[in-house]
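Novice: everything below, folded, please.
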Amino acid sequence: MAWVYLVIAGLLEIVWAIGLKYTEGFTKLWPSVWTLAAMAGSFILLSQALKTIPVGTGYAIWVGIGAVGTAILGMVVLGEPANLARILCILLIIAGIVGLKLFSPVA
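Specialist: Take a look at the predicted model:
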(Lines give C-alpha, C1' and ligand atoms only; values in the text may rest on other atoms or scores of the structure.)
Protein backbone atom coordinates (compact mmCIF):
# COMPACT_ATOMS: atom_id res chain seq x y z
CA MET A 1 0.00 0.00 0.00
CA ALA A 2 2.94 2.32 0.63
CA TRP A 3 3.77 2.39 -3.09
CA VAL A 4 0.19 3.33 -3.94
CA TYR A 5 0.37 6.18 -1.42
CA LEU A 6 3.65 7.31 -2.92
CA VAL A 7 2.34 7.36 -6.49
CA ILE A 8 -0.79 9.27 -5.47
CA ALA A 9 1.37 11.70 -3.48
CA GLY A 10 3.49 12.24 -6.60
CA LEU A 11 0.41 12.87 -8.72
CA LEU A 12 -0.84 15.39 -6.17
CA GLU A 13 2.55 17.07 -6.35
CA ILE A 14 1.93 17.61 -10.06
CA VAL A 15 -1.48 19.11 -9.25
CA TRP A 16 -0.10 21.58 -6.75
CA ALA A 17 2.93 22.50 -8.84
CA ILE A 18 0.73 23.34 -11.83
CA GLY A 19 -1.80 24.89 -9.48
CA LEU A 20 0.80 27.41 -8.32
CA LYS A 21 0.69 28.93 -11.80
CA TYR A 22 -3.05 29.50 -11.50
CA THR A 23 -3.00 30.95 -7.96
CA GLU A 24 -1.20 34.04 -9.27
CA GLY A 25 0.79 34.37 -6.06
CA PHE A 26 -2.10 33.07 -3.95
CA THR A 27 -4.26 36.00 -4.99
CA LYS A 28 -6.95 33.81 -6.62
CA LEU A 29 -9.16 32.12 -4.02
CA TRP A 30 -10.25 28.83 -5.59
CA PRO A 31 -7.00 27.97 -7.35
CA SER A 32 -5.25 28.69 -4.04
CA VAL A 33 -7.66 26.46 -2.10
CA TRP A 34 -7.19 23.55 -4.55
CA THR A 35 -3.43 24.03 -4.62
CA LEU A 36 -3.15 24.05 -0.82
CA ALA A 37 -5.42 20.99 -0.58
CA ALA A 38 -3.24 19.13 -3.10
CA MET A 39 -0.13 20.15 -1.14
CA ALA A 40 -1.60 18.86 2.11
CA GLY A 41 -2.75 15.60 0.53
CA SER A 42 0.61 15.09 -1.15
CA PHE A 43 2.56 15.58 2.07
CA ILE A 44 0.20 13.41 4.12
CA LEU A 45 0.39 10.54 1.64
CA LEU A 46 4.17 10.92 1.34
CA SER A 47 4.51 10.71 5.11
CA GLN A 48 2.37 7.54 5.15
CA ALA A 49 4.47 5.97 2.39
CA LEU A 50 7.69 6.78 4.25
CA LYS A 51 6.58 4.63 7.17
CA THR A 52 7.62 1.65 5.02
CA ILE A 53 9.66 2.94 2.09
CA PRO A 54 13.20 4.22 2.81
CA VAL A 55 13.19 8.02 2.92
CA GLY A 56 15.83 8.46 0.22
CA THR A 57 13.96 6.21 -2.18
CA GLY A 58 10.52 7.57 -1.36
CA TYR A 59 11.47 11.21 -1.53
CA ALA A 60 13.39 10.79 -4.79
CA ILE A 61 10.50 8.96 -6.44
CA TRP A 62 7.98 11.52 -5.15
CA VAL A 63 10.05 14.38 -6.53
CA GLY A 64 10.65 12.47 -9.77
CA ILE A 65 6.96 11.84 -10.38
CA GLY A 66 6.25 15.50 -9.67
CA ALA A 67 9.08 16.76 -11.85
CA VAL A 68 8.23 14.56 -14.83
CA GLY A 69 4.51 15.21 -14.64
CA THR A 70 4.93 18.94 -14.15
CA ALA A 71 7.41 19.21 -17.02
CA ILE A 72 5.12 17.25 -19.35
CA LEU A 73 2.04 19.27 -18.40
CA GLY A 74 4.06 22.45 -18.74
CA MET A 75 4.82 21.50 -22.32
CA VAL A 76 1.36 20.18 -23.19
CA VAL A 77 -0.90 22.58 -21.29
CA LEU A 78 1.18 25.71 -20.71
CA GLY A 79 3.00 25.80 -24.04
CA GLU A 80 6.51 25.45 -22.63
CA PRO A 81 9.23 24.33 -25.07
CA ALA A 82 9.21 20.62 -25.94
CA ASN A 83 12.60 20.14 -27.53
CA LEU A 84 14.61 16.94 -27.80
CA ALA A 85 16.97 17.82 -24.95
CA ARG A 86 14.09 18.37 -22.49
CA ILE A 87 12.40 15.14 -23.53
CA LEU A 88 15.64 13.19 -23.12
CA CYS A 89 16.13 14.66 -19.66
CA ILE A 90 12.60 13.65 -18.71
CA LEU A 91 13.34 10.12 -19.92
CA LEU A 92 16.45 10.06 -17.71
CA ILE A 93 14.36 11.02 -14.69
CA ILE A 94 11.88 8.26 -15.53
CA ALA A 95 14.75 5.77 -15.77
CA GLY A 96 15.91 6.88 -12.32
CA ILE A 97 12.43 6.45 -10.85
CA VAL A 98 12.12 2.96 -12.30
CA GLY A 99 15.62 2.07 -11.10
CA LEU A 100 14.90 3.23 -7.57
CA LYS A 101 11.71 1.20 -7.49
CA LEU A 102 13.39 -1.92 -8.90
CA PHE A 103 16.30 -1.78 -6.48
CA SER A 104 14.38 -0.68 -3.40
CA PRO A 105 14.66 -3.05 -0.43
CA VAL A 106 10.90 -2.73 0.11
CA ALA A 107 8.57 -4.99 -1.91
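
Novice: pLDDT averaged over stretch 41-52 - what is it?
Specialist: Mean pLDDT, stretch 41-52: 97.

Novice: quick one: distance of it to the chain centre.
Specialist: Here the centre of stretch 41-52 is set off from its chain's centre by 13 Å, with Cα atoms, centre = their mean, to the nearest Å.

Novice: buried stuff in that stretch?
Specialist: Using 16 or more other Cβ atoms under 10 Å as the test for burial, stretch 41-52 gives Gly41, Ser42, Leu45, Leu46, Gln48, Ala49, Leu50. Just so you know, the C-beta spots here come from the backbone N, C-alpha and C atoms, and that holds for glycine as well.

Novice: next up, the contacts around Ile65.
Specialist: Ile65 makes contacts with Val7, Gly10, Leu11, Glu13, Ile14, Ile97, as judged by Cβ atoms under 8 Å, 6 or more residues apart in numbering.

Novice: give me the buried entries from these.
Specialist: Val7, Gly10, Leu11, Glu13, Ile14, Ile97.

Novice: ok so, going back, which one among the buried residues of stretch 41-52 gets closest to Lys101?
Specialist: Ala49 (12.1 Å; Cβ to Cβ).

Novice: now for the closest one: which residues touch it?
Specialist: Ala2, Trp3, Tyr5, Leu6, Ala9, Gly58, Trp62.

Novice: let's have these in TSV, adding neighbour count and secondary structure.
Specialist: Output for those, formatted as TSV (neighbours: other Cβ atoms under 10 Å; DSSP: H, G, I helix; E, B strand; the rest coil):
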residue	neighbour count	secondary structure
Ala2	16	helix
Trp3	16	helix
Tyr5	21	helix
Leu6	24	helix
Ala9	24	helix
Gly58	25	helix
Trp62	25	helix
